[in-house]
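>>> Structure for this input, please:
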Amino acid sequence: MFEDELTKTLNAAAKCGPPEDLLAGIDALRRRRRRRRAGAALAACAVAVVVGVVTALVRPTWPVSLPATTPSTMATDLTDRVARATLRIPARSPEGHKYEGVEAIDTHRLLLLSERGFDLYDASTGRITPVVRLPGRADVRTVRANERHVVWAVNVKSSERKTQPSSSIDSAQDRASSSLRKLGTPEYWTVPLSGGTPRKLPPTLGGPFDLIGDDLITLDGSGARRTALSGGQPQPIPGADNALALDLPWVLLATEPAVLGQEPAESLNVLTGEKRRLTADLCASSACLHAPLHLCSSDWCIREDRAGKPFARRTDGSRTVPLPGASTEPPALNRFAVLDGGRRLFDLTTGASAVFDPPGSHEVPPSGTGTGGGRRLLARSAGDVIWVVNLKALS
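Below you'll find the model as predicted:
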């Protein structure tokens, strides 16, 4: 199969050839495959185990001792998975509009955004299908999509409102709400993935949001709300008052003792009502007050020890894993640490580390996602091509 040939080429190139030879080999494989049969083009990036530390933006620290041993690596397994999950898509639409990959729908479909609007790329056929045309693409701030719906937030300017916090938890929530107001109050819009007319959803103060089933889940600094895409007003979710973003549908129940690190915090699944006790030092030194778990997924948090060495720890404290580089974002899909500005993946389950850095490419930041947890794809641009790793295809 083509994927098997591709994997063999990747492994051989990683041992004896520079990255430029690697992509040349991929192109040769693709040309041979096209001569045999027409189909969608697959490509892959070089994969290697790497060790390095990059500068992160804001990283809370934990006073912990890391284990002396590092996780075993399974580069070959990750090489296979990354090779099969890597797509090569055009950098521009047929009309010449620049594409941005904003969401992985499933293991083979990607949602693309351009000045024209949303398009759907299907890797199984290589076809790009228009979803909806949008005026004012520059106003689109964040996007979520699933197999039935697309939801996006559009910036609307809002005046700043000052409040006087009455407690530490009020202060944390006030800072969150103030940041939201500075970004502007968003309008939420939706359209079926199959296409149709965009529809504006009822107003709600903007914040982290996610699309779960047929509902929009939002957090606004004072709690979580559910808005049915079929219609109706946003409804408060019982038990989620004062909730802070964690990894939707999981939220942090922000009681004052918890965010001050005086008692273990709890997380809540706003869909099922399930609660989990988090490790007591998760919010140590008021870490949750100053930077509310912005590097956490539902089960993992990325931190640094006092020596500046990055690591990941399960939110229940049951496991600590050293990382071969630093990260400035939460784990993707509650499994993959994205390191070195999107150039590296670290599988928190297997301990494998992989490089995604095609020659001559630069990162395409995940500006359209990342509001309800980690990203769903990695993207790097190189001329008229965008290389994309669909992270949903790795799990």
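>>> all contacts plus neighbour counts: C-alpha atoms, from now on.
Fine.
>>> was I right about residue 243 contacting residue 251?
Yes - here residue 243 lies in contact with residue 251, judged by Cα atoms under 8 Å, at a distance of 6.0 Å.
>>> Low-confidence ranges, the chain, go.
Counting by pLDDT under 70, the ranges of the chain that qualify are 1-76, 135-138, 157-184, 206, 285-287, 289-292, 366-373.
>>> For the residue lying closest to residue 284 once chain neighbours are set aside, give its distance to residue 392.
Distances taken as Cα to Cα, 6 or more residues apart in numbering place residue 261 nearest to residue 284, at 4.6 Å, with adjacent residues excluded. According to Cα to Cα, to the nearest Å, residue 261 stands 34 Å off from residue 392.
>>> Also residue 325?
With distances taken as Cα to Cα, residue 325 is found 22 Å from residue 392.
>>> Looking at those two, which is more packed in?
residue 325 (24 against 18; other Cα atoms under 10 Å).
>>> Which element, helix or strand, includes that one?
Assigned by DSSP states H and E, residue 325 falls within no helix or strand.
>>> Residue 327: neighbour count?
Residues contacting residue 327 under the criterion other Cα under 10 Å number 28.
>>> What does the residue nearest to it when sequence neighbours are not counted show for phi and psi?
Computed as Cα to Cα, 6+ apart, the closest residue to residue 327 that is not its neighbour in sequence is residue 339, at 4.8 Å. Note on residue 339: backbone dihedrals following degrees, to the nearest 10 are phi -120, psi 160.
>>> so residue 339 bridges to which residues?
On the basis of DSSP bridges, residue 339 is bridged to residue 344.
>>> so what's it up against?
Residue 339 is in contact with 54, 325-328, 345-346, counting by Cα atoms under 8 Å, 6 or more residues apart in numbering.
>>> Repeat the analysis, applying 7 Å as the threshold.
Counting by Cα atoms under 7 Å, 6 or more residues apart in numbering, residue 339 makes contact with 325-327, 345.
>>> show me where the protein has helices.
In the chain, the helices defined using DSSP state H lie at 2-16, 19-36, 75-85, 168-183, 256-259, 287-290.
>>> what's near enough to touch residue 189?
151-153, 198-201.
>>> gap between it and residue 195?
Noted for residue 189: a distance of 13 Å to residue 195, by Cα to Cα.
>>> Next: residue 329.
From residue 329 to residue 195 the distance is 32 Å (Cα to Cα).
>>> Neighbour count for these two, which is higher?
More neighbours surround residue 329 than the other of residue 329 and residue 195, with 25 against 18 (other Cα under 10 Å).
>>> contacting residues for the residue nearest to the more buried one when sequence neighbours are not counted?
What sits nearest to residue 329 in space, not counting adjacent residues and going by Cα to Cα, 6+ apart, is residue 295, at 5.1 Å. Residues near residue 295 by Cα under 7 Å, 6+ apart: 301-302, 328-330.
>>> Check residue 319 too.
By Cα under 7 Å, 6+ apart, the contact set of residue 319 is residue 313.
>>> In stretch 95-109, which residues are buried?
98-109 (16 or more other Cα atoms under 10 Å).
>>> Among these, which one sits closest to residue 351?
Checking these against residue 351 with Cα to Cα, the nearest one is residue 107 at 22.1 Å.
>>> Any idea how many residues pack against the closest residue to the closest one other than its chain neighbours?
Closest residue in space to residue 107, ignoring its immediate chain neighbours: residue 393 at 4.4 Å, by Cα to Cα, 6+ apart. The local packing of residue 393 (other Cα under 10 Å) involves 18 other residues.
>>> you'd agree residue 393 is up against residue 105?
No - in this structure residue 393 lies outside contact range of residue 105 using Cα atoms under 7 Å: 10.2 Å.
>>> how close does the residue nearest to residue 284 sit to residue 195?
47 Å.
>>> just residue 360 next, same as before
Distance, residue 360 to residue 195, by Cα to Cα: 35 Å.
>>> ditto for residue 296
Distance, residue 296 to residue 195, by Cα to Cα: 34 Å.
>>> Equivalent analysis for residue 387, please.
Per Cα to Cα, residue 387 is found 26 Å from residue 195.
>>> ok, which stretches of the stretch 51-200 of the chain are strands?
Counting by DSSP state E, counting those that start in this stretch, residue ranges of the strands within the stretch 51-200 of the chain are 86-90, 100-104, 109-113, 117-122, 127-133, 140-145, 149-156, 185-192, 199-200.
>>> now for the fifth one, which elements pack on it?
Going back to what we said before, that points to strand 127-133. Contacts defined by 3 or more Cα pairs under 7 Å, 6 or more residues apart in numbering; DSSP states H and E place strand 127-133 against strand 117-122.
>>> Give me the sheet partners of the strand it packs on and which way each runs.
strand 109-113 (antiparallel), strand 127-133 (antiparallel).
>>> got those strands as a markdown table, with distance to residue 78 columns?
Output for these, formatted as a markdown table (distance: least, Cα to Cα, whole Å):
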| stretch | distance to residue 78 |
| --- | --- |
| strand 109-113 | 21 |
| strand 127-133 | 27 |
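>>> between those, which one is nearest to residue 355?
strand 109-113 (21.3 Å).
>>> CA-only coordinates of the closest one, as CSV, when you get a sec.
Extracted in CSV, the C-alpha atoms of strand 109-113 (Å, rounded to 0.1, in the frame of the first residue of the first chain):
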residue,chain,number,x,y,z
ARG,A,109,-12.3,15.7,6.9
LEU,A,110,-11.0,19.2,7.7
LEU,A,111,-12.8,22.5,7.9
LEU,A,112,-11.0,25.3,6.0
LEU,A,113,-11.6,29.0,6.3
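>>> any residues touching it, and which ones?
Strand 109-113 is contacted from outside by 99-105, 118-123, using Cα under 7 Å, 6+ apart.
>>> just curious, which of those is nearest to residue 78?
residue 104 (19.2 Å).
>>> Report the beta-bridge partner residues of the closest residue to that closest one other than its chain neighbours.
Excluding its sequence neighbours, the residue lying closest to residue 104 (Cα to Cα, 6+ apart) is residue 110, at 4.6 Å. Beta-bridge pairing of residue 110 under DSSP bridges involves residue 104, residue 121.
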